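Visitor: this one's sequence-less:
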Ligand SMILES: O=c1ccn([C@@H]2O[C@H](COP(=O)(O)O)[C@@H](O)[C@H]2O)c(=O)[nH]1
């Protein structure tokens, strides 16, 4: 089944559009968590594996999508990447879609290698086999069309998805993305190109394999992009810790309460440290994670069109 159709069905089945982000920071692990691991780089990577898998066990039954932020694993070198691989494999045991967030890209020929690595297959001996084999990945559009084409080609062949950075959630997003050229800010030019890049790759449910990353922290731009990009899945980071609210995200959904996937990483992963959960759950950090997901589901249901997913 096409990636975008799998997203629509998964969101419908679980009744919410949540992307649970796993961004493990060793310094923010629950108190004592690191104690059981050797005091070296492999020990920390092993702790990230154990923590990430435990988070997966809590979030995968609730959220339709999990997003892994590669940076926090890459930080621990090959040992960190092995932990990421194992945690992704652990997630694969559940009925949940996996996004690799690495914001890759390069010139076309190198982009093709990235696309094969994460979405496709690589030659090994006389045959081809998947390497990372995630459902979707994030990419950077800065290199233009030849950098995008291999991702679209391989995603299409493998029924995978790609999310292009269009309007990011960070404070300096506007430095380049808001520069006006030919009467439009750059991010809207990217959006217009994205429509062309994705042409012919619409799934049966009306959404494209090529999605857009649009930050929750810029509600006007989010509304503009929803209007500019019908049939394009929006991956919306910035909810919670970065200040994005459900009200701000509401305009990112279509009239059926679909079309936007809302990510929260620290707000879920490190929920145990938030005032709202600290006293309630004491040392039981996995219960805090579960409650944070349930509270996010309720918040989006009450304050965005995603509530329509619940009423059927
Ligand atoms: O514009 C963007 C693009 C990607 N991200 C990533 O999403 C998560 C957000 O984490 P929080 O802890 O919920 O703030 C993180 O992996 C970012 O690298 C983004 O925030 N904004």
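Guide: Cool, the structure landed. Computed from a prediction, not measured in an experiment: that's the story for all the values here.

Visitor: what residues does this protein have near the ligand?
Guide: Counting by Cβ under 6 Å from any ligand atom, the positions of the chain adjacent to the ligand are 21, 23, 69, 101, 168-170, 213, 215, 237-238, 240-242, 263-267. Bear in mind the C-beta positions are built from the backbone N, C-alpha and C, glycine included.

Visitor: the same query, at a cut-off of 8 Å, please.
Guide: Counting by Cβ under 8 Å from any ligand atom, the residues of the chain lying close to the ligand are 21, 23, 67, 69, 71, 101, 103, 138, 165, 167-170, 173, 213-215, 235, 237-242, 263-269.

Visitor: whichever of those end up buried, select them in PyMOL.
Guide: In PyMOL, this line selects whichever of these come out buried by 16 or more other Cβ atoms under 10 Å:
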select buried, resi 21+23+67+69+101+103+138+165+167+168+169+173+213+214+215+235+237+238+239+240+241+242+263+264+265+266+267+268+269
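
Visitor: give me the subset of the residues of the chain next to the ligand lying in helices.
Guide: 71, 266, 267, 268, 269 (DSSP state H).

Visitor: just the pLDDT at the last one, thanks.
Guide: Think residue 269. What the model reports for residue 269 is a pLDDT of 96.

Visitor: got it, and the first one?
Guide: For residue 71, the model assigns a pLDDT of 98.

Visitor: now stretch 21-37: average pLDDT?
Guide: Stretch 21-37 comes out with an average pLDDT of 96.

Visitor: go on, stretch 273-286?
Guide: pLDDT averaged over stretch 273-286 gives 92.

Visitor: quick check: end-to-end length of stretch 270-284?
Guide: 12 Å (Cα to Cα, to the nearest Å).

Visitor: make that stretch 27-40, sorry
Guide: End-to-end span of stretch 27-40 (Cα to Cα): 14 Å.

Visitor: for it, buried residues please.
Guide: Buried positions in stretch 27-40, judged by neighbour count with 16+ other Cβ under 10 Å: 29, 30, 34, 37.

Visitor: contacting residues for the second one?
Guide: The contact partners of residue 30, taken as Cβ atoms under 8 Å, 6 or more residues apart in numbering, are 272, 283, 285.

Visitor: what's the answer for the third one, then?
Guide: If a contact means Cβ under 8 Å, 6+ apart, then residue 34 has 26, 43, 44, 47 as its contacts.

Visitor: and the residues you listed, which is closest to residue 224?
Guide: Each of the contacts of residue 34 was scored against residue 224 by Cβ to Cβ, and residue 26 proved nearest at 38.5 Å.

Visitor: which residues touch the nearest residue to that closest one once chain neighbours are set aside?
Guide: Take residue 26 and drop its neighbours on the chain: the residue closest to it by Cβ to Cβ, 6 or more residues apart in numbering is residue 44, 5.2 Å away. For residue 44, the contact set (Cβ under 8 Å, 6+ apart) comprises 26, 34, 37, 76, 79.
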